[in-house]
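**Student:** sequence and predicted model, in that order:
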Amino acid sequence: MNIALSRVEPSEPAKGESDEPGWYVAYTQPQREQLAQINLALQGFEVYLCQYKTFKKSPEGLMAVWQPMFPRYIFFRPAHAGQSISVVSSTRGISFVLRFGLIPARLKPEELCMLKALESAQNQVDAGQTSPFQPGLRVRLQNCGLNGLEGLVHSVSSKRVTLLIQLLGREKKLQLEHHQVELLDQ
């Protein structure tokens, strides 16, 4: 996907582009994307924080966690034509508005739509598709009665990992929670 920031002035859309105003880009303070999003919205701006779903281990198993797709960047635009963006740089959570010299950087509405589509597609995946445990990988059991036993991953779901293990001379399938399995060095 090729996305480029442009220097298009708000009153002069380029030929072939929509008349819908583009989105400005702000650089946030470290790990303050949500704070910036809230404060910009409270000031009446339209705000978009592109996020993706990832999974982290917890004692209860894998949990879905939302992370910014572009850490420290947030997109915004005025909700109406007369709204000034000059207040954005002093908004809590924002470090500065990206600029090319004196001209604020803009993202075309079509490009933001592409980002939203990418975000939507990424967020439809389940833990089995993003899990570090993939069929055929060697793993070791932990936090269970069979600590230290090794096996192969057979399949993965959002709550369980199914393993093939050798037990009493026979191959058996065993289902465990994600936190009960660790990958062996490949």
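**Tutor:** Everything's here; your move.

**Student:** center of this structure - which residue?
**Tutor:** Centroid check for the chain by C-alpha atoms, centre = their mean gives residue 52 as the closest residue, at 2.1 Å.

**Student:** ok, that one touching residue 123?
**Tutor:** Yes - counting by C-beta atoms under 8 Å, residue 52 does reach residue 123; the two are 6.4 Å apart. In short, each C-beta sits where N, CA and C put it, glycine included.

**Student:** wait, is the residue nearest to the centre of the chain part of a strand?
**Tutor:** Yes - the assignment for residue 52 is a strand, going by DSSP: H, G, I helix; E, B strand; the rest coil.

**Student:** could you point out which element follows the helix or strand hosting residue 25?
**Tutor:** For residue 25, the host element (DSSP states H and E) is strand 23-28. Counting by DSSP H and E, the next helix or strand C-terminal to strand 23-28 is helix 33-42.

**Student:** now that next one: buried residues?
**Tutor:** 33, 36-37, 39-40 (16 or more other C-beta atoms under 10 Å).

**Student:** do the same with stretch 66-78
**Tutor:** Neighbour-count burial for stretch 66-78 flags 68, 73-78 (criterion: 16+ other C-beta under 10 Å).

**Student:** list the contacts for the residue nearest to the centre of the chain?
**Tutor:** Neighbour list for residue 52: 66-67, 69, 119, 122-123 [criterion: C-beta atoms under 8 Å, 6 or more residues apart in numbering].

**Student:** which ones among those residues map onto helices?
**Tutor:** Using DSSP state H, 119, 122 are the members of the contacts of residue 52 that sit in helices.

**Student:** of the contacts of residue 52, closest to residue 141?
**Tutor:** Proximity of these to residue 141 (C-beta to C-beta) peaks at residue 67, which lies at 29.0 Å.

**Student:** beta partners for the residue lying closest to that closest one once chain neighbours are set aside?
**Tutor:** Nearest residue to residue 67, sequence neighbours excluded (C-beta to C-beta, 6 or more residues apart in numbering): residue 54, at 5.6 Å. Under the criterion DSSP bridges, residue 54 forms beta bridges with residue 65.
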